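Engineer: pasting a predicted model and its sequence here:
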Amino acid sequence: MARTKITVIVLMLTFSISMLTARGGGRGRGESRNAAPSNNSTPSKDQIVEMVDDLENELGLSKAQGQEIKKVFEEHFAAKEGSRDSSENDREAHRTAMETKQEELDKNIKKYLTEEQEELYDKWEKSREHNRGGRN
């Protein structure tokens, strides 16, 4: 009888844990299932290379353009990492600062694009914003 109770309890715990994991309940670090992903993480060098590769494919960039844009990304993310400030406590100020930094990044990237590539970049950026539920 005691063995049956233990078996039932173990099965119930196993089921509960698997349901929590499947539904995203076991995220850790205080993140809720519906929380937006943290934008505080700076991409690694490999992730920056992937971003540039994506742009090269989407926009038909030359290798020279890709190298320049990679530098723009590296400088942008280094500056972003170094500029964490008190505006992060004020959501509106933080959002405004992030939008300004994104506009600056776009401007710096567009320096290396042809007019046709700029149009493709704008379309690509709008699709990214739409996919992540951003500004439209």
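Structural biologist: Done, it's in.

Engineer: any weak-confidence spans in the chain?
Structural biologist: Along the chain, the parts satisfying pLDDT under 70 run over 1-5, 7-8, 10-40, 82-88, 132-136.

Engineer: which residues in it form strands?
Structural biologist: With DSSP state E, there are no strands along the chain.

Engineer: all helices of it, in order?
Structural biologist: Ranges of helices in the chain, per DSSP state H, are 2-22, 45-59, 63-82, 91-110, 115-131.

Engineer: how about the last one: buried residues?
Structural biologist: Put plainly, it is helix 115-131. Buried positions in helix 115-131, judged by neighbour count with 16 or more other C-beta atoms under 10 Å: Q117, L120, Y121. All C-beta atoms are positioned from the backbone trio N, CA, C, and that covers glycine.

Engineer: what's the closest of those to V72?
Structural biologist: Of all the buried residues of helix 115-131, V72 sits closest to Y121, with 12.3 Å by C-beta to C-beta.
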